[in-house]
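S.K.: Compute the structure for the input listed below.
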Amino acid sequence: MKREPLGKGVFINVSKDHTFGTDAVLLADFASAKKVKTHVDLGSGCGIISALLLRDNRADTSVGVEISDEAAELAKATAAEFFEGSFTVLNVDLNDLKGRLPLGTFDLVTCNPPYKASGAGILSSGDRDIVARHETMCTLEEVIAAGSSLLRSAGSLCICQRPERLADIICLMRGYRVEPKRLRTVSKKQGEEPWLVLVEGKRDSKSGMRVMPPLFVYDEKGNYSAEMLEIYGPYKEEHI
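M.R.: Residues are numbered from 1 along each chain as shown. As a prediction, this is how the structure comes out:
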């Protein structure tokens with residue numbers, strides 16, 4: 001286990017097998033468009049999304065749901081040190097939340113789910129990589145179903161995914177009464193196809209989706225773009 005600085009005096013506990021990437025940071029930024037009282041992160045890993053929202057005072061309380069014992073322990077250590085009373089970690093399957101969390105009450109649910117459908121592509125090396133990147137422990141449908149069950153009416157579900165699964169996201173959200181309301185694509189640099197999509201849906205909302213301007217990770221010189229520097233702001237000196 002080691003500690004990574006997040007800025008503002010906050011550190012997060014990570015390990016070789018349970019760390020975080022740019023996609024999680026971008027999802028946390030996308031999901032923090034407005035402050036919420038209650039937040040749940042499904043498949044929370046080391047707890048990065050909860051830690052970022054709480055660090056920036058974008059959520060009053062956060063619950064991380066994580067099936068991996070090791071990842072859950074990392075998140076619990078971070079919660080105890082920096083967010084006692086506001087960050088709770090449940091070491092459970094996201095399909096087993098009934099009776100553990102009050103369904104239909106949360107303002108915001110986030111998830112950085114496995115990107116590859118079961119049976120799609122070559123499996124990653126290592127059990128933990130397979131769980132993180134492929135739908136072996138949960139499917140995209142299970143993520144959206146669980147998220148919908150947790151949300152109050154007009155609550156938001158924010159997820160990130162590979163662009164090739166955008167149609168799946170929209171269809172599944174609508175199937176579980178979560179209307180897609182906001183979409184943003186992320187490209188490495190201008191002129192390249194997106195490598196990530198960020199989608200927000202709202203429970204029981206009317207139709208109508210806003211497509212935001214694309215986000216570019218790098219500028220034409222290969223440096224982080226101005227927006228990426230702003231997103232990384234509180235801890236850019238440590239991570240960029």
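
S.K.: Give the next helix or strand downstream of the helix or strand bottoming out on mean pLDDT in the chain.
M.R.: One helix or strand of the chain scores below all others by mean pLDDT, DSSP states H and E: helix 127-133, with a mean of 43. Sequence-wise, the next helix or strand downstream of helix 127-133 (DSSP states H and E) is helix 140-150.

S.K.: Show me what counts as buried in that next one.
M.R.: Neighbour-count burial for helix 140-150, counted by 16 or more other C-beta atoms under 10 Å, picks out 140, 142, 143, 144, 145, 146, 147, 148, 149, 150. For the C-beta atoms, the positions are set from N, CA and C on the backbone; glycine is no exception.

S.K.: ok, the last one to residue 87 distance?
M.R.: When distances are taken as C-beta to C-beta, to the nearest Å, residue 150 and residue 87 turn out to be 16 Å apart.

S.K.: do the same with residue 45
M.R.: Computed as C-beta to C-beta, the residue 45 to residue 87 distance reads 14 Å.

S.K.: Could you tell me which residues touch both of these two?
M.R.: Residues touching both residue 45 and residue 87 comprise residue 75, with contact defined as C-beta atoms under 8 Å, 6 or more residues apart in numbering.

S.K.: how about the strands in this structure?
M.R.: With DSSP state E, the ranges of strands along the chain come out as 2-7, 10-14, 36-42, 59-65, 87-90, 106-111, 151-161, 178-187, 196-203, 210-211, 215-216.

S.K.: how about CSV for those, with distance to residue 233 and mean neighbour count added?
M.R.: Formatted as CSV, the strands of the chain follow (distance: least, C-beta to C-beta, whole Å; neighbours: other C-beta atoms under 10 Å):
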stretch, distance to residue 233, mean neighbour count
strand 2-7, 8, 16
strand 10-14, 13, 22
strand 36-42, 21, 24
strand 59-65, 18, 23
strand 87-90, 21, 22
strand 106-111, 20, 26
strand 151-161, 20, 22
strand 178-187, 17, 19
strand 196-203, 18, 22
strand 210-211, 24, 10
strand 215-216, 15, 20
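
S.K.: and of those, who's closest to residue 226?
M.R.: Proximity to residue 226 (C-beta to C-beta) singles out strand 215-216 among those, at 9.5 Å.

S.K.: Which residue, other than its chain neighbours, is closest to residue 183?
M.R.: Nearest residue to residue 183, sequence neighbours excluded (C-beta to C-beta, 6 or more residues apart in numbering): residue 211, at 5.1 Å.

S.K.: Surely residue 108 and residue 38 touch.
M.R.: Yes - contact status for residue 108 versus residue 38: in contact at 7.2 Å, counting by C-beta atoms under 8 Å.

S.K.: intersection of neighbour lists for these two?
M.R.: residue 59.

S.K.: low-scoring stretches of this structure, by residue?
M.R.: Applying pLDDT under 70 to the chain flags residues 117-137, 234-240.

S.K.: how does it look with 90?
M.R.: Scanning the chain for pLDDT under 90 picks out 1, 114-138, 232-240.
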